[in-house]
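Participant: pasting the structure only:
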């Protein structure tokens, strides 16, 4: 069920981005309407990523319409088709009435998410995947006989293979400590890989980081290590867009 919100006021002037460009700016393409979908396992934080992206788009004055996709209440085994969760957002410089049909950019955090959502990605659309999860076990859980990242079945899309889990771990580091002095566990670190992906998509569509950084500081005010974890990986995802040759352009509205 979608929810549409319009913002009529002029776009506000935001403070400079938290992360300044590190290389020469890439070409910018003007677009009117885009549909982005985040999808992954039910524990991957896809709803959070989608909500943060929606909020920032509304702040910028875009019209937005969203479509959350929740798995069954009884949680399916991790990595299976039944356990996939998603969040779709359509944002535009004009009035829109639906969350969109075809997806322009699909972020798939595991093979099951790819298999259940690929049918909605338009031909030539961006497909961003966490290739760390496309191992033998992950592929088997999703029912793949071969690796779609390597068998040519995705040639109709602009495939961007990124080891997001590894990149997130590198960005967060191993120096963060909780209040009791214990280092963040690997599980706690991996919980922010959705934020790394969010940072990359923020870069693609020229969304500022500051509103999301402020929301982390407010939500986790009593957990400074969690704030720092999320801010580090959000910036890292954003900077990856600046530096990688896989992302050729940014998009403006």
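Facilitator: Alright, I've got the coordinates. Just so you know, these numbers come straight off a predicted model, no measurement behind them.
Participant: please make it C-alpha for all contacts and neighbour counts, starting now.
Facilitator: Noted.
Participant: how far does the longest helix seen in the chain sit from the chain's center?
Facilitator: Taking DSSP state H as the criterion, the chain has its longest helix at helix 224-243. Using Cα atoms, centre = their mean, to the nearest Å, the distance from the centre of helix 224-243 to the centre of the chain it belongs to is 12 Å.
Participant: what about it, average pLDDT?
Facilitator: Helix 224-243 shows a mean pLDDT of 96.
Participant: residues in contact with it: which ones?
Facilitator: Contact with helix 224-243 is made by 18-19, 21-23, 25-26, 167-168, 171-172, 176-178, 189, 192-193, 195-204, 209, 213, 216-217, 220-221, 247, as judged by Cα atoms under 8 Å, 6 or more residues apart in numbering.
Participant: tell me where the stretch 101-250 of the chain is predicted with low confidence.
Facilitator: 248-249 (pLDDT under 70).
Participant: find the nearest non-adjacent residue to residue 84, please.
Facilitator: Nearest non-adjacent residue to residue 84, counting by Cα to Cα, 6 or more residues apart in numbering: residue 41, 4.7 Å away.
Participant: how close does that neighbour sit to residue 191?
Facilitator: Relative to residue 191, residue 41 is positioned 11 Å away (criterion: Cα to Cα, to the nearest Å).
Participant: tell me which of the two has more neighbours.
Facilitator: residue 41 (25 against 16; other Cα atoms under 10 Å).
Participant: now do the contacts for the more buried one.
Facilitator: Counting by Cα under 8 Å, 6+ apart, residue 41 touches 78-80, 83-85, 109-110, 112-113.
Participant: gap between it and residue 61?
Facilitator: Distance, residue 41 to residue 61, by Cα to Cα: 31 Å.
Participant: same deal with residue 48?
Facilitator: Counting by Cα to Cα, the gap from residue 48 to residue 61 is 20 Å.
Participant: ok, now residue 84?
Facilitator: Taken as Cα to Cα, the span from residue 84 to residue 61 is 31 Å.
Participant: which of those two has more neighbours?
Facilitator: More crowded of residue 84 and residue 61, by other Cα under 10 Å: residue 84, with 32 against 20.
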